[in-house]
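J.: Here's my sequence, what's the structure:
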Amino acid sequence: MVEVGSDVKLLLEDGAVTVNGEAESRRGRTLTRGDVVAVDGTELRVA
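T.: The predicted structure follows:
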């Protein structure tokens, strides 16, 4: 996904991140088991 927090900030600002299909713009969001995070179309499920 990304290596450093500054990269995350840019992706969030660009609208490239979704959580459970909804755009996410907040850093520090708490994820829970089963959440699906997508960055530029690459999806990962939180275990």
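J.: Show me what the helix or strand hosting L12 packs onto, helices and strands only.
T.: Applying DSSP states H and E as the criterion places L12 in helix 5-13. Using 3 or more Cβ pairs under 8 Å, 6 or more residues apart in numbering; DSSP states H and E as the contact test, no helix or strand touches helix 5-13. For glycine as for every other residue, the C-beta is placed from the backbone atoms N, C-alpha and C.
J.: Just the CA coordinates for it, please, in PDB.
T.: Taking C-alpha atoms only, helix 5-13 is exported to PDB below (Å, rounded to 0.1, in the frame of the first residue of the first chain):
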ATOM      1  CA  GLY A   5       2.300   8.800   6.500                       C
ATOM      2  CA  SER A   6       2.900  11.700   4.200                       C
ATOM      3  CA  ASP A   7       2.000   9.400   1.200                       C
ATOM      4  CA  VAL A   8      -1.200   8.400   3.000                       C
ATOM      5  CA  LYS A   9      -2.100  12.100   3.500                       C
ATOM      6  CA  LEU A  10      -1.900  12.700  -0.300                       C
ATOM      7  CA  LEU A  11      -3.900   9.600  -1.100                       C
ATOM      8  CA  LEU A  12      -6.600  10.700   1.300                       C
ATOM      9  CA  GLU A  13      -6.700  14.200  -0.100                       C
END
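J.: That helix - what's its average pLDDT?
T.: The average pLDDT within helix 5-13 is 91.
J.: I'd like to check which residues are in contact with the residue with the shortest distance to the centre of the chain.
T.: When Cα atoms, centre = their mean is applied to the chain, the residue found nearest the centroid is V17 (4.2 Å). By Cβ atoms under 8 Å, 6 or more residues apart in numbering, the contact set of V17 is V8, L11, A23, E24, S25, V37, A38, V39.
J.: now those as JSON lines including distance to A47 and neighbour count?
T.: Shown next, in JSON lines, are the contacts of V17 (distance: Cβ to Cβ, whole Å; neighbours: other Cβ atoms under 10 Å):
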{"residue": "V8", "distance to A47": "20", "neighbour count": "17"}
{"residue": "L11", "distance to A47": "22", "neighbour count": "16"}
{"residue": "A23", "distance to A47": "23", "neighbour count": "10"}
{"residue": "E24", "distance to A47": "19", "neighbour count": "18"}
{"residue": "S25", "distance to A47": "24", "neighbour count": "12"}
{"residue": "V37", "distance to A47": "12", "neighbour count": "17"}
{"residue": "A38", "distance to A47": "16", "neighbour count": "16"}
{"residue": "V39", "distance to A47": "17", "neighbour count": "17"}
